[in-house]
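Chemist: model this:
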Amino acid sequence: MSLHFSGKWRLALAILWLLLTKSAGADEASLIISQPTAMHHGMKRPLLAHLDVDGSRDQLAYIGQLRNTLIVQSKQGRIYEIDIETGHIAWQTELGDGGNLAGFTPTANAHYVAALYGSQVYLLDRDNKGAVVWKQGLNAAPIAGPAMNEEFVYVPTYSELVEALPIDPVKSKRVSCSFRTSGRITGPPVITQKTIGWTSEDGVLTVIRTTDHKLAFRFTAGSKVAAPPGYDNGSYYVGSQDGYVNALDEGSGAVVWQFSAGDRVVNSPAAVGQGVYITNQSGGMFRVSADTGQEEWYTPNVRRFLAASNEKVYAEDKIGRLAVLDATAGGVMDTMSLASGLNLKPANVQTDRVILASSSGVIEALHDAQSTKPLDYMPAPEVKVVKEPVKEKLGSTVSTATAGATRTAPAKAPATPREKKPPVEKKPKEPKMPIEKKPKK
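Modeler: Numbering: from 1, shown residues only. Model prediction:
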């Protein structure tokens, strides 16, 4: 049966379409933080990008970061690489056939992006406009986004396994394998130049050496865990629902310190420079010393850590505003209302930029007005010497930080070497870690 509209109905439909379009445009405009508004709050807005997301059938959903670069993925598998400082879109590509399959936050190293679309892992070439290098199926559905270093892509799955796929098996002469964990995995693994670690809901942190894929250590918290661990400068940080955060030495697994946040810890501890930022379920944020776990300040009514500069800490408060805190004392210096449509606010522990985005494709970055270059809280990439051992300093950082020198070069954040305190507990027992190799096809 066909429908026929009279001239009056056609005119009415056209007017309705124009009103809806105008309304959508007005909504988009309300998402943009103007430069005068940013300056009024002591900030600048280096990045303003509007991605071509088809709002009728797609949404921006996942934001990954590699230093000064964003890797963004929509629900239908469109991937973008964006420079945070300039807003330049280096490339964009689409995974799969544009259907609504499950996706997660993508990750990157100096040359590649790893992204998930359904149960497929895609390796994309950053130097060739996101061209697909390979795609591989997983043995089970993924439960969180991947992690990667220069040799492997690691994907946590619903079957309580972390699957490891070699980026170039011919070159590395290493094979696919998987690691059994003790419970449901809480989120993307944390990867460093020495280890890869993840938490499971039963409170267990599992840490594997990346050199030989052997178990480094396991740690069991006093209660369930709801978020991935934090990491910085040779320490893992695990927050649990009994309100405690434990700092663990990456090398030995020994507990360096323990801190009580007074209520459930449901977000990953954010370790930046000399401080660790901890939020609890009641809505308050602590800054504790990364060396000792000693409380330095507490600010109520703060929901989530967003970013930090040398003098200021940026957070989301309990009513969704951007709160600017004094980094030394924790006092609230300013607040800025944000449009409800800016619903994507990833925590940034790599630089001092505050990243804000909407499902409709608006992406913005803010920073302290006094900052001329982005502060880089991640040590420089390790320089490897072929067939010779590399002496790694304590605190060598995640290998996903090996960003190519051709990208925007961030300024280094001033920092002093941290001296590790003696462990307060004995090293936990180290059960054997079963490694399950995939059958050869």
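Chemist: give me the low-pLDDT residue ranges for the stretch 1-150 of the chain?
Modeler: 1-26, 98-100 (pLDDT under 70).
Chemist: in it, which spans are strands?
Modeler: The residue ranges that make up the strands of the stretch 1-150 of the chain, judged by DSSP state E, counting those that start in this stretch, are 43-50, 60-66, 69-74, 78-83, 89-94, 107-108, 112-117, 120-125, 131-137, 147-148.
Chemist: partners of the fifth one in the sheet?
Modeler: This points to strand 89-94. Paired with strand 89-94 in the same sheet, following DSSP bridges, are strand 78-83 (antiparallel).
Chemist: got the contact list for the strand it pairs with?
Modeler: Residues from elsewhere that reach strand 78-83 (C-beta atoms under 8 Å, 6 or more residues apart in numbering): 47, 49, 51, 53, 58, 68-73, 88-95, 98, 106, 113, 115, 124, 126, 130, 363, 407-408. To be clear about C-beta, it is placed using only N, CA and C from the backbone, and glycine gets the same treatment.
Chemist: For the residues you listed, I'd like a selection string for PyMOL - just the buried members, please.
Modeler: Selecting just the buried residues from the contacts of strand 78-83 in PyMOL takes one command, with 16 or more other C-beta atoms under 10 Å as the test:
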select buried, resi 47+49+51+53+58+68+69+70+71+72+73+89+91+92+93+95+106+113+115+124+126+130+363+407+408
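Chemist: which intervals of the stretch 251-400 of the chain have sub-threshold pLDDT?
Modeler: Low-confidence regions of the stretch 251-400 of the chain, defined here as pLDDT under 70, cover residues 379-400.
Chemist: Do a quick rundown of the strands in it.
Modeler: Using DSSP E, counting those that start in this stretch, strands in the stretch 251-400 of the chain cover 255-260, 270-272, 275-280, 284-289, 295-300, 302-308, 312-317, 322-326, 332-336, 354-357, 362-368, 375-376.
Chemist: neighbours of the closest residue to W91 other than its chain neighbours, just the number please.
Modeler: Counting by C-beta to C-beta, 6 or more residues apart in numbering, K129 is the residue found nearest to W91 once chain neighbours are left out, at 4.0 Å. Residue crowding around K129 was assessed by other C-beta atoms under 10 Å; the count is 12.
Chemist: re earlier: got the strands of the stretch 1-150 of the chain as TSV, with distance to G330 columns?
Modeler: TSV is the format used below for the strands of the stretch 1-150 of the chain (distance: least, C-beta to C-beta, whole Å):
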stretch	distance to G330
strand 43-50	19
strand 60-66	25
strand 69-74	29
strand 78-83	32
strand 89-94	37
strand 107-108	32
strand 112-117	37
strand 120-125	41
strand 131-137	46
strand 147-148	31
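Chemist: Now do the contacts for V162.
Modeler: By C-beta under 8 Å, 6+ apart, the contact list for V162 reads 154-156, 178-179, 181, 185, 189, 196, 198.
Chemist: Contacts only, for the closest residue to M43 other than its chain neighbours.
Modeler: Among residues not flanking M43 along the chain, L366 sits closest, at 4.6 Å (C-beta to C-beta, 6+ apart). When the contact criterion is C-beta under 8 Å, 6+ apart, the partners of L366 are 33, 38, 43-45, 314, 322, 353-354, 356.
Chemist: would you list these in CSV and tack on neighbour count and distance to I167?
Modeler: CSV is the format used below for those (neighbours: other C-beta atoms under 10 Å; distance: C-beta to C-beta, whole Å):
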residue, neighbour count, distance to I167
I33, 21, 38
A38, 18, 39
M43, 26, 38
K44, 15, 37
R45, 19, 36
Y314, 25, 34
L322, 22, 38
R353, 27, 28
V354, 25, 32
L356, 25, 32
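Chemist: how about TSV for those residues, with distance to Y298 added?
Modeler: Supplementary listing: the contacts of L366 in TSV, determined by distance: C-beta to C-beta, whole Å:
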residue	distance to Y298
I33	28
A38	28
M43	24
K44	29
R45	30
Y314	17
L322	19
R353	25
V354	21
L356	25
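Chemist: Out of the residues you listed, which is nearest to V207?
Modeler: The shortest gap between V207 and any of those belongs to R353, at 29.0 Å (C-beta to C-beta).
Chemist: Hmm, that closest one is touching I363, no?
Modeler: No. Judged on C-beta atoms under 8 Å, R353 makes no contact with I363 at a distance of 11.3 Å.
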